[in-house]
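Student: pasting the structure only:
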């Protein structure tokens, strides 16, 4: 039943539109930070909308029965990573500030959904180890840009915890890469055995 729903063209078009508009909103959310970002780092700053952009591209191709393995690998890894990351950062904001805005709760719900949708479509990805490797390099390189060059998303109340957040983010990247491998390549190899 779930596979039928995930493949249904009407459902895919709705999911595509939700992700497209969410991606656009995400880039708009980063507008003020992008305005002060050096040009060389622009592509690495809007983490979540870039992740949802990868998934939106995957959906567009999937609607037409095509696969784009490098985009799929980038999608599953970054959707899970930044979906979980945003939920944790908003929970941390709630702990530090003692409250969270309605937008913070909306971000938790939408980013939690991002993480889940990337995993739900794992059986449909056509990944090989090289695709995971390229996406892993992108993801870990992005961590360097964020926490070595200090281009991470701005959460003003969490600035005192940037070292700890950077450490957490690195290990979340490793977990995301491992999950992508387990849900695609490892599972595929197990089915062939």
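Tutor: Structure received. Keep in mind the model is a prediction, meaning the values are calculated, not measured.
Student: for the rest of this, base every contact and every neighbour count on C-alpha atoms.
Tutor: Fine.
Student: helix or strand right after the helix or strand containing residue 103?
Tutor: Counting by DSSP states H and E, the element that carries residue 103 is helix 102-120. The helix or strand immediately downstream of helix 102-120 is helix 129-147, counting by DSSP H and E.
Student: helices and strands around the next helix or strand after that following helix, which ones?
Tutor: Per DSSP H and E, the first helix or strand lying C-terminal to helix 129-147 is helix 162-181. For helix 162-181, the elements it packs on are helix 69-97, helix 129-147, judged by 3 or more CA pairs under 8 Å, 6 or more residues apart in numbering; DSSP states H and E.
Student: might you list the low-confidence residue ranges for the protein?
Tutor: By pLDDT under 70, the low-scoring segments of the chain are 187-193.
Student: need the contact partners of the helix holding residue 103.
Tutor: Where contact means CA atoms under 8 Å, 6 or more residues apart in numbering, the residues beyond helix 102-120 that reach it are 52, 55, 75-77, 79-84, 86-87, 90, 183.
Student: repeat that for 7 Å
Tutor: 75, 76, 79, 80, 83, 84, 86, 87, 90 (CA atoms under 7 Å, 6 or more residues apart in numbering).
Student: between it and helix 162-181, how many degrees?
Tutor: An angle of 30 degrees separates the directions of helix 102-120 and helix 162-181 when computed by axes from the mean of the first three to the mean of the last three CA atoms, to 10 degrees.
Student: just the buried positions in helix 102-120, please.
Tutor: 104, 107, 108, 110, 111, 112, 114, 115, 116, 117, 118, 119 (16 or more other CA atoms under 10 Å).
Student: rebuild those residues as JSON lines, extending it with distance to residue 21.
Tutor: Formatted as JSON lines, these follow (distance: CA to CA, whole Å):
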{"residue": "104", "distance to residue 21": "18"}
{"residue": "107", "distance to residue 21": "14"}
{"residue": "108", "distance to residue 21": "17"}
{"residue": "110", "distance to residue 21": "12"}
{"residue": "111", "distance to residue 21": "14"}
{"residue": "112", "distance to residue 21": "17"}
{"residue": "114", "distance to residue 21": "13"}
{"residue": "115", "distance to residue 21": "17"}
{"residue": "116", "distance to residue 21": "18"}
{"residue": "117", "distance to residue 21": "16"}
{"residue": "118", "distance to residue 21": "17"}
{"residue": "119", "distance to residue 21": "20"}
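Student: which residue is nearest the centroid of this structure?
Tutor: For the chain, the residue nearest the mean C-alpha position is residue 79 (2.2 Å; CA atoms, centre = their mean).
Student: hmm, it is touching residue 51, no?
Tutor: Yes - the criterion here is CA atoms under 7 Å, and residue 79 meets it with residue 51 at 5.2 Å.
Student: need the overlap of contacts for the two.
Tutor: Counting by CA under 7 Å, 6+ apart, residue 79 and residue 51 have no common neighbour.
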